[in-house]
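In: how does the following fold in three dimensions:
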Amino acid sequence: MQMAEPNPIATAAERSETRHVRVAGVLLVVASVLEVVAMSHHPSVGSHDVAGAVAEIGRISALSGIVHGALIALMLASLYCLTEFCVQRGLRRPLVRAGLVAYAAGVVSMFGAAMVSGFIITSMASQLRVATAVDQQISAQLLNLCALVNRTMANTGVIAMSAGIALWSIGLLHDSGLSRWIGALGCIVGLLPTAGLATGLLHLDVHGMGIVVLLQTCWSIGLGILLYRMAPDGLPSR
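Out: Below is the predicted model:
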């Protein structure tokens, strides 16, 4: 009986798929760690008077642009890796699709928050005039408006991203071994920020956002390892 020879095209495709998944796993870990590094360099304004705040925003504008630009790039890189996870996991699964929609919506909101904080406020501050009391009042109102937009988009982004992590993690709870542990961690990571915002215990200032990023990084590192380890044989199918 003659044995069928392996299809070289199929074998090459399988190797390419394995390579892509492993790259996504490594990239997810690296991007997550770099997000923590970027957040540790996030500038903040300490002045409480309008003139001092405008001057301080101007001084940190270059650093703010670099940090927020890096955070935007890293968020998009992580979304790419998580999309690869969804493809391998199976987009036919309702929890996978729902998680991807929620997380992507969160990234869009966080993208907007980063644009306001890193580019719009700094550009606007360079054009503000605070010579008179009226100038200071107008400047304060504009800065407060930008802060409100930033906070609203950041809150929405954190809640949506947390929902996506929780939905994916619920699906992983049905597996065994490392997948189940990552699923359990993801349920916690998805719940804590939302609960913190709902109860008022969490405020998305630089410190609060740093906590959220650190929590999400712990889960993302675990998922990146899972992607890398499962690549040769495919992800769990149950």
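
In: how about the nearest residue to the residue most central in space within the chain, chain neighbours excluded?
Out: In the chain, the residue lying closest to the centroid (Cα atoms, centre = their mean) is M75, at 4.7 Å. Leaving aside its chain neighbours, M75 sits nearest to V107 (5.3 Å; criterion: Cβ to Cβ, 6 or more residues apart in numbering). Any C-beta I mention is one placed from the backbone N, CA and C, and that applies to glycine too.

In: who's in contact with that neighbour?
Out: 75-76, 79, 157, 161 (Cβ atoms under 8 Å, 6 or more residues apart in numbering).

In: got the phi and psi for it?
Out: Here is the backbone geometry of V107 (degrees, to the nearest 10): phi -60, psi -40.

In: which helix in this structure runs the most residues?
Out: The residue-count maximum for a helix in the chain (DSSP state H) belongs to helix 133-172.

In: now it: buried residues?
Out: Across helix 133-172, burial judged by 16 or more other Cβ atoms under 10 Å covers 136, 139-140, 142-143, 146, 149-151, 153-172.

In: pLDDT on the helix or strand harbouring V54, on average?
Out: Secondary structure from DSSP states H and E places V54 in helix 50-59. Mean per-residue pLDDT for helix 50-59: 83.

In: which parts of stretch 94-110 are buried?
Out: For stretch 94-110, by 16+ other Cβ under 10 Å, it's 95-96, 98-100, 102-107, 109-110.

In: any idea which of these is closest to V36?
Out: M110 (15.1 Å; Cβ to Cβ).

In: grab the nearest non-local neighbour of that closest one.
Out: Closest to M110 by Cβ to Cβ, 6+ apart is G157, at 3.6 Å.

In: list the contacts for that neighbour?
Out: So G157 contacts 106-110, 112-113 (Cβ under 8 Å, 6+ apart).

In: next up, the contacts around the residue lying closest to L185 once chain neighbours are set aside.
Out: Once flanking residues are discounted, L185 sits nearest to W219: 5.5 Å by Cβ to Cβ, 6+ apart. Neighbouring residues of W219 by Cβ under 8 Å, 6+ apart: 165, 169, 182, 185-186, 189.

In: if we use 6 Å, what do you get?
Out: Each residue near W219 by Cβ atoms under 6 Å, 6 or more residues apart in numbering is listed here: 185-186, 189.

In: ok, now S126?
Out: Per Cβ under 6 Å, 6+ apart, neighbours of S126: G58.

In: what are the phi and psi values for it?
Out: The phi/psi pair for S126 (degrees, to the nearest 10) is phi -70, psi -20.

In: first to last residue in stretch 84-101, what's the distance?
Out: 14 Å (Cα to Cα, to the nearest Å).
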